[in-house]
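**Q** sequence-free structure coming up:
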């Protein structure tokens, strides 16, 4: 029983004023599995749910079925109240009067009344708090992903360097042997070695792209044009595979500062993945590619949406992880989406996925509009036609390479071209060779023991600046931070391993000319 003295001390009108003025939604009503009846709702509850102030209380029914974004959530909510008699800070996803969704936190007391329950509840709109929590969680996952990529990128950069050396050796020897007169079977074998070596070299380049170690050439790009050109590449395969394409490209889309070839690589990866998912699930499908400008964030958004089986919720956090794949063994490397993620991140953007099982998946590429601060590009050898003239008689070349097999292959190739060739295994031995005689050309690796390429070049620039201008660098890790800075400052000609023999000979002859 209430205390008479307390009741007389707090007049009913005080409770009425509190009910009217409190900045939390107050609800009193009855709930059953099929219905909801409101006995009382304060003005703030009406405000929360977007009702007009004059709306009758009985028309404000926050817990009726149609207010729930997920109808099954209502069953769980009512059952919890019936079982426990009370809840605290219970999170619900509800709809306002205009059907927009919001997050609501409910603290309530309930009593059984026949087939239903009588509920007295306090409700607060926590949509903004939930948004900030989701944003913080997304940021955490992005930082975690960036940390993974950075750590694995360092490892892969070293692995790629080691792979590039034997690949360069194989390509050089295969190319030399292919130029000789051999029987048809041997010729086919050499052509296979060449093509498969180039395939392996492409995989290494993808690894370096994933590791964000390749320099890109960026310009102001119309993303819609990239989309149209990329979809044109897939039009035949899509037509014969019963894949229907719907384009919804925004007119007047701002240009983005990006590498168009890398953006095409990202889009191709997303499109091919979507095609495979749809064909594997249904044998056909519809792919929607949309672009639009998000003026609030000044970003261009590209969406690739498919009607395939979707991405399971437990897979989504791992989908951009290196070497993670849901494809059959031998059907995927697990690097495609990781490379795409790295490219987009390198462009200052974001790559995200949204999916519900059985309802397809949407991948979103978000790119900032306009030009950001970028480092100057690495000097690249100008595109010129290969020299057809022969090397002048007596031209001397020094090959500085710590990989014995590759050094021998390059030396013999230069010898076949007419050079008189000496070899050195590192920068120290190369400097000793240079005290014995001058050279018309020096082919030098960047990474070597004792004295590496940059240190050798600095020593040579001090002692013989003219000779330093005759150096061609070869490297399997072109755009590592130190290497990138060095090549920018030196302005030397260079070739990325694995290189084709014809490119080495072309650049060598150009250096002599």
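**A** Perfect, thanks for sending it. Please read these numbers as outputs of a predicted model, since none were measured by experiment.
**Q** Pick out the residue nearest the middle of the chain.
**A** residue 341 (0.7 Å; CA atoms, centre = their mean).
**Q** Is that one within a helix or a strand, and which one?
**A** helix 336-346 (DSSP states H and E).
**Q** and after that helix, which helix or strand comes next?
**A** strand 350-355.
**Q** Direction included, what does the very next helix or strand once past that following strand pair up with?
**A** Using DSSP H and E, the helix or strand that directly follows strand 350-355 along the chain is strand 361-368. The sheet places strand 361-368 alongside strand 299-306 (antiparallel), strand 350-355 (antiparallel), with pairing taken from DSSP bridges.
**Q** hang on, the earlier thing: elements contacting the helix holding residue 341?
**A** helix 127-178, helix 184-210, helix 260-282, strand 350-355, strand 361-368 (3 or more CB pairs under 8 Å, 6 or more residues apart in numbering; DSSP states H and E). Glycine gets a C-beta too; all of them are placed from N, C-alpha and C.
**Q** Mind doing that once more with 7 Å?
**A** helix 184-210, helix 260-282, strand 350-355 (3 or more CB pairs under 7 Å, 6 or more residues apart in numbering; DSSP states H and E).
**Q** mind checking which of those is nearest residue 501?
**A** helix 184-210 (10.4 Å; CB to CB).
**Q** And residue 236, how far from residue 299?
**A** 33 Å (CB to CB, to the nearest Å).
**Q** swap in residue 47?
**A** From residue 47 to residue 299 the distance is 33 Å (CB to CB).
**Q** So the two - more neighbours on which side?
**A** For residue 47 versus residue 299, neighbours defined as other CB atoms under 10 Å are more numerous around residue 299 (19 against 14).
**Q** thinking again about what came up before, export the helices and strands packed on helix 336-346 to JSON lines and tack on distance to residue 442?
**A** Conversion of those to JSON lines gives the following (distance: least, CB to CB, whole Å):
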{"stretch": "helix 184-210", "distance to residue 442": "24"}
{"stretch": "helix 260-282", "distance to residue 442": "32"}
{"stretch": "strand 350-355", "distance to residue 442": "43"}
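**Q** quick one: low-confidence ranges for the stretch 301-450 of the chain?
**A** Applying pLDDT under 70 to the stretch 301-450 of the chain flags residues 321-336, 370-393.
**Q** Could I get the full set of helices for it?
**A** Applying DSSP state H, counting those that start in this stretch to the stretch 301-450 of the chain gives helices spanning 336-346, 404-416, 427-436.
**Q** how about the residue nearest to the centre of the chain, what does it touch?
**A** Residues near residue 341 by CB atoms under 7 Å, 6 or more residues apart in numbering: 320, 351.
**Q** Ok, residue 461 next?
**A** Per CB under 7 Å, 6+ apart, neighbours of residue 461: residue 468.
**Q** and it, which of the three is it?
**A** Secondary structure, DSSP: H, G, I helix; E, B strand; the rest coil: residue 461 is helix.
**Q** Show the backbone phi and psi for residue 109.
**A** The phi and psi values for residue 109, taken as degrees, to the nearest 10, are phi -120, psi 140.
**Q** Could you double-check that it lies in contact with residue 86?
**A** Yes: between residue 109 and residue 86 there is a contact under CB atoms under 7 Å: 5.1 Å.
**Q** before we move on, back to that, ok and the helix holding residue 341 relative to strand 350-355, angle-wise?
**A** 140 degrees (axes from the mean of the first three to the mean of the last three CA atoms, to 10 degrees).
**Q** Please shift the residue numbers so they start at 12 in all later answers.
**A** Happy to do that; since the first residue is 12 now, the last one works out to helix 347-357.
**Q** Give me the distance between the residue nearest to the centre of the chain and residue 322.
**A** 14 Å.
**Q** likewise residue 426?
**A** Distance from residue 426 to residue 322, by CB to CB: 56 Å.
**Q** So which of these two has more stuff around it?
**A** residue 322 (21 against 13).
**Q** Quick check: the gap between that one and residue 499.
**A** 41 Å.
**Q** what do you get for residue 126?
**A** 78 Å.
**Q** quick one: which of those two has more around it?
**A** Between residue 126 and residue 499, counted using other CB under 10 Å, residue 499 has the larger neighbour count: 14 against 10.
**Q** secondary structure element for the more buried one?
**A** helix 492-501.
**Q** where does stretch 175-194 sit relative to the chain's centre, distance-wise?
**A** Relative to its parent chain, stretch 175-194 has a centroid offset of 36 Å by CA atoms, centre = their mean, to the nearest Å.
**Q** Just the buried positions in that stretch, please.
**A** For stretch 175-194, burial by neighbour count (16 or more other CB atoms under 10 Å) applies to 175-186, 189.
**Q** Any chance you could list what contacts that stretch?
**A** Here stretch 175-194 has contacts from 201-202, 204-205, 208, 211-212, 215, 414, 416-417, 420-421, 424, 427, 487, 508-512, using CB under 7 Å, 6+ apart.
**Q** If any of those residues are buried, give me the PyMOL selection for them.
**A** A single PyMOL command selects the buried members of those (16+ other CB under 10 Å):
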select buried, resi 201+204+205+208+211+212+215+414+417+420+421+424+487+508+509+510+511+512
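**Q** Excluding sequence neighbours, find me the nearest residue to residue 34.
**A** In space, and not counting its chain neighbours, residue 34 is closest to residue 55: 5.7 Å by CB to CB, 6 or more residues apart in numbering.
**Q** tell me the contacts of the one you found?
**A** Contacts of residue 55 (CB under 7 Å, 6+ apart): 33-36.
**Q** that's a strand at it, yeah?
**A** No: in this structure, residue 55 is helix, not part of a strand, as judged by three-state DSSP.
**Q** ok, it to residue 101 distance?
**A** 18 Å.
**Q** and what of residue 319?
**A** Taking CB to CB, one finds residue 319 at 35 Å from residue 101.
**Q** out of the two, which sits in the more crowded spot?
**A** Applying other CB under 10 Å to residue 319 and residue 101 shows that residue 319 carries more neighbours, namely 24 against 17.
**Q** Double-check that one against residue 295; I have them as touching.
**A** No: using CB under 7 Å, residue 319 is not in contact with residue 295; the gap is 10.4 Å.
**Q** what touches both of those two?
**A** residue 289.
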